[in-house]
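Asker: sequence and predicted structure are below.
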Amino acid sequence: MIPEQGWHCGHTMYRFRREAISGPLSKTCQDQFRTALDPESGEAPERLAAYWTSGHRADFAVMSMDPDPAKVDAVHQKIMAPPLGQFVEATWSFVSVSEISEYVPSLEQYRDRLIASGAEPDSPTLAAKMNAYERRLPMMREQRLQPEFPDWPSACFYPMNKKRAVGANWFNEPFSKRNAMMAEHAQSGMAFAGKVSQLITVGVGLDDWEWMVTLWGRNPQYLKDIVYKMRFDEASAKYGEFGPFYVGYKATADEITQHCRLAH
Amino acid sequence: MIPEQGWHCGHTMYRFRREAISGPLSKTCQDQFRTALDPESGEAPERLAAYWTSGHRADFAVMSMDPDPAKVDAVHQKIMAPPLGQFVEATWSFVSVSEISEYVPSLEQYRDRLIASGAEPDSPTLAAKMNAYERRLPMMREQRLQPEFPDWPSACFYPMNKKRAVGANWFNEPFSKRNAMMAEHAQSGMAFAGKVSQLITVGVGLDDWEWMVTLWGRNPQYLKDIVYKMRFDEASAKYGEFGPFYVGYKATADEITQHCRLAH
Amino acid sequence: MIPEQGWHCGHTMYRFRREAISGPLSKTCQDQFRTALDPESGEAPERLAAYWTSGHRADFAVMSMDPDPAKVDAVHQKIMAPPLGQFVEATWSFVSVSEISEYVPSLEQYRDRLIASGAEPDSPTLAAKMNAYERRLPMMREQRLQPEFPDWPSACFYPMNKKRAVGANWFNEPFSKRNAMMAEHAQSGMAFAGKVSQLITVGVGLDDWEWMVTLWGRNPQYLKDIVYKMRFDEASAKYGEFGPFYVGYKATADEITQHCRLAH
Amino acid sequence: MIPEQGWHCGHTMYRFRREAISGPLSKTCQDQFRTALDPESGEAPERLAAYWTSGHRADFAVMSMDPDPAKVDAVHQKIMAPPLGQFVEATWSFVSVSEISEYVPSLEQYRDRLIASGAEPDSPTLAAKMNAYERRLPMMREQRLQPEFPDWPSACFYPMNKKRAVGANWFNEPFSKRNAMMAEHAQSGMAFAGKVSQLITVGVGLDDWEWMVTLWGRNPQYLKDIVYKMRFDEASAKYGEFGPFYVGYKATADEITQHCRLAH
Amino acid sequence: MIPEQGWHCGHTMYRFRREAISGPLSKTCQDQFRTALDPESGEAPERLAAYWTSGHRADFAVMSMDPDPAKVDAVHQKIMAPPLGQFVEATWSFVSVSEISEYVPSLEQYRDRLIASGAEPDSPTLAAKMNAYERRLPMMREQRLQPEFPDWPSACFYPMNKKRAVGANWFNEPFSKRNAMMAEHAQSGMAFAGKVSQLITVGVGLDDWEWMVTLWGRNPQYLKDIVYKMRFDEASAKYGEFGPFYVGYKATADEITQHCRLAH
């Protein structure tokens, strides 16, 4: 059940079942909620974060990652177990795994790209850039496979497919063309370095969409800005199909119950 | 969490859970409802308005705006908190932020447009129009970012996307063409000045549609008239994709419970 | 809230919540139902009719019209108020207003049409037809804006859009072409004069579809026949998009509860 | 309410509301169920059959036909009346009427078809075939309008539309082409004579799809085989749009409650 | 009801109704669950396996096969019978039958394929391959019609259609082209021999999708890998339409209730 490479990843949206809640949640329920969302608890998966969410579809979101899918799903089961489970409904979720995208350039591909962009093949500048990339590559791989979750206030979550329509079929395009479009797309993202951090996980074969996008923002405005900018990239404009979008704000279990006016 | 520019905006539709209501709402519930919808309460967001709505999907709509997303969502949480939350279901919502559209002409662009429409480059008429626009621009920006809600009886709400179909892909069009279509669209709207007031907020990256449209009308007929007229604009006819439409009539909490025959 | 021209119109489908009904409806509930559906009650809107409906989606349909949208929605609220509201669920509705379609020919347009169809410009036949149309026109307008509901046994209800697809975009067609298609469509309908009576109301800006179609039939077979025939008209075949169809049979409140086996 | 030609037809899918069932159904409920599904009861419609169904969407299906739509719907109302209605949910239904398809060849058309297929105009073979068809025609019409339901063990039910897409618009094709495609389609069906019996009823103007298909099979495998074979016919491959498919097995009320483990 | 060839097959997804569960499941319920999922019980179908599933849509999946559709559905009925059925909701299912695909090459077709790939017509190599295929064929047929379920830890389940769009219509393609695409597709699958085992069953005429895919993986990563790889095959890229995907992990009834924290 442990992937050779990458971690299992779960995103789940929940609402409190207000129709069944006549007063503050019981102390037992609040304790159960605290334990389920505690990233320091012994049983917690490697990564665990929670967010209160805007809008009526969900009150809060939980995101978790671990090599073991049972540990990822255990967070959900801890929330849904009695007695708290009587007062919570999971309204959406996505199941995925982390991976190194085939579009991340190898050292050699990176060199070719630099030269194609005008760099001199044997220049010291090229060598310096190559050295920097070589040092960055393991960290980039680590951040994709076993990412640290940034402690930023806002995040947005959405799944996506690549279109397979007549006249716009991503999976019929040659690798070289897909690669070039993904490079343009990556360029768009780089303009938001330090403002937005991105994680792409794969749902192919596991859930209804091909990819899951997690964007963490230092400010919710950046989430809107980056998604709007990227929508003009050919990879998105022509081939992107997007599922539901959720925006959330980092919170502990107690902050969530307080925001939802269900704490004592 | 506070955007550099613009306010957070929430639209939420609610129905009373008639299946659980055997008589008038309790005084406690009615007080809770009044407080939640009171724009003068200390905790209220900068803007707050409510509407009873026609049709079975919702009994009432609430719209709110504030720099802080937690204050916008707090209105929803105040309605859904116990005990009132047992008798209310949120049936639809949209999460967005206000912004200055990229299609609002700058002074320079406005000048170019006037000249393109036949104005003499150095004429006093042109200068006068430029002066007027320069004075209007800050108010226009203010009205987009931190709009006053007009005190008109009717309003309609709907989200929209721009199409990315093969043969009609808004995000593949050059800015100049999109700009021209948006100018035509704005022209259609101007015919309803004084009858309909419009607010466009952005949901990209935050919710399932790209934009949210709020139209306030002095008469509900104008809402129908403007949307019908605009549907023939190329920006809508060819590129518009529309989500659910809701029509509502401005009301206080008490007027809503009376209209719904749930007041004592 | 009162339109300058036209009446507000509501169509709502309801089912009895059988899961909550352990015996006949109480006398109080039956009285409430009778009052809500009574077109002669003091508070009733200008037009009010009810139908029991075939199929599982609804047990009955209610259609109402009035200049005041609050009076139209009040019928719905009277049904959903406690105690009856505990046992009824509204499963679908449509909000619209009546209007004079832009495709109804003016006297002048009618004359042009007759001549285009081969009539002699100054002939007495033409003059006679013009006279007849001139006399008919005010009644036609009245019947569109403030229609009498015929006392026929069956009716069907469905909403529709005009397509805005690449290659079949109604809103990109010139008025002359749309007008010609609507004239052909009207011709199809005329073949059912005396068998089917039709009302088109507008939902643009008010609800999720652009138009609402109400067909009253002297026999349910005619409803099927006319819709099938019209589907071959270019306006429908190429441009029509249809929402849910409901068929119903005119009934009083008591006939509905008896049909549903919920009366004492 | 009685059609000039054809019978009203109802297909309804039901599930038992297991969430509300803590033990076997009461004797009262079982009696109510038996009576509602009894084709020999005095109030029963002309045709009435029930099936237990595979899969989670429904536990059983009921199909009924009668000249009077109130008698068809009464079967549904008898099931949903208290007390049984508390424990049953109707999950899908389709409302239609029987008719003679416009693609059934008249004697004259049949003759033309035979000649087009190579028959000699005045040959005794042609005359014999014509005689046979003439004798068969009234039975075929009867079987379409007032069909006997075969007592075979399995059946499948699904609604369908004919596509009106750009590039594949059934309703824009001339009758001759539609007729030829329907003849090919009929040919496909004939290969299953004695194995599968088919009934097409019309939902145009009455429900959300244009046609309802009922297939009775001597063996469920034939249901799969015929639908798969027909999918390659141009009428289906290019123009067919299919709704939900349900497969069921003929059963009495008692067999259904036993299969569902709800009998005493 | 017994197919001439092939077995009936059921896939059903379930969630525990947490809203109704205030503590561990009763011993009676747990016993009922154990019996229903016991492949060794006397009444069990020929094949029966259960999986706990990731994500909010289902807590567990059950897959069963038998010549008798009533025995396949009986597994579902045993779970939904009282008292356990009060606490379980079936959230998705698919009804299908096993069959020999028309694209499995006969001996003769296999020979033609080898020659087309460059084999010498009368060479010993060709003869050896033919012999091997001849020995393999009965097992392959058996594995398709009456498959053994591998005892691997993970599985994914999803239904699919072949597209019938304008410009990409599988059912309009000649057999030779479909056959070649399916051969390419099979080739993709062979790269996962020993890692992934696949079963295709047919839902045509029985349920809403044409085929049901079951993939068993020695590691969940392989499920993602194979589906991603195959998506580039023309049969999938151009013609595949995919329904919901579910991923699960093999488990007994007790392991499921423990994972879901509902066991004592």
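Answerer: Sure thing, it's come through.
Asker: C-alpha from now on. contacts and neighbour counts both.
Answerer: Will do.
Asker: enumerate the residues of chain A near chain C.
Answerer: Where proximity means CA under 8 Å from any CA of the partner chain, chain A presents no interface facing chain C.
Asker: ok, now which ones touch the residue of chain A found nearest chain D?
Answerer: Residue nearest to chain D within chain A: A:V166 (12.7 Å; CA to the nearest CA). Residues in contact with A:V166 (CA atoms under 8 Å, 6 or more residues apart in numbering or on different chains) are E:G167, E:A168, E:K238.
Asker: can you give me the helices in chain A?
Answerer: For chain A, the helices defined by DSSP state H cover A:27-36, A:69-80, A:107-116, A:124-145, A:175-190, A:220-230, A:234-237, A:253-259.
Asker: what's the shortest one packed up against?
Answerer: Going back to what we said before, that points to helix A:234-237. If you count contacts as 3 or more CA pairs under 8 Å, 6 or more residues apart in numbering or on different chains; DSSP states H and E, helix A:234-237 packs onto helix A:175-190.
Asker: now the helix it packs on: average pLDDT?
Answerer: What helix A:175-190 shows for mean pLDDT is 93.
Asker: which outside residues touch it?
Answerer: Taking CA under 8 Å, 6+ apart as the rule, helix A:175-190 contacts A:Y103, A:W170, A:I226, A:K229, A:M230, A:D233, A:E234, A:A235.
Asker: go through that helix and flag the buried ones.
Answerer: Within helix A:175-190, the residues that count as buried by 16 or more other CA atoms under 10 Å in any protein chain shown are A:R178, A:N179, A:M181, A:M182, A:A183, A:H185, A:S188, A:G189.
Asker: quick one: the residue in the stretch 1-150 of chain A that chain E sits nearest to from chain C, how far?
Answerer: Nearest to chain E, among the residues of the stretch 1-150 of chain A, is A:Q86, at 4.0 Å (CA to the nearest CA). A:Q86 sits 21 Å away from chain C, going by CA to the nearest CA, to the nearest Å.
Asker: would you agree that residue is in contact with E:E19?
Answerer: Yes: judged on CA atoms under 8 Å, A:Q86 makes contact with E:E19 at a distance of 4.0 Å.
Asker: more neighbours: which of those two?
Answerer: Neighbour comparison, A:Q86 and E:E19: the larger count goes to A:Q86, with 22 against 18 (by other CA atoms under 10 Å in any protein chain shown).
Asker: just name the shakiest helix or strand of chain A by mean pLDDT.
Answerer: helix A:107-116 (a mean of 89; mean pLDDT, DSSP states H and E).
Asker: convert that one to PDB, retaining C-alpha atoms only.
Answerer: Coordinates of the C-alpha atoms in helix A:107-116 are reproduced here as PDB (Å, rounded to 0.1, in the frame of the first residue of the first chain):
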ATOM      1  CA  LEU A 107      19.600  18.500 -15.800                       C
ATOM      2  CA  GLU A 108      20.200  17.800 -19.400                       C
ATOM      3  CA  GLN A 109      16.700  19.100 -20.500                       C
ATOM      4  CA  TYR A 110      17.300  22.200 -18.400                       C
ATOM      5  CA  ARG A 111      20.600  22.800 -20.200                       C
ATOM      6  CA  ASP A 112      18.900  22.500 -23.600                       C
ATOM      7  CA  ARG A 113      16.200  25.000 -22.500                       C
ATOM      8  CA  LEU A 114      18.800  27.500 -21.400                       C
ATOM      9  CA  ILE A 115      20.700  27.200 -24.700                       C
ATOM     10  CA  ALA A 116      17.400  27.400 -26.600                       C
END
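Asker: perfect, I'm done here.
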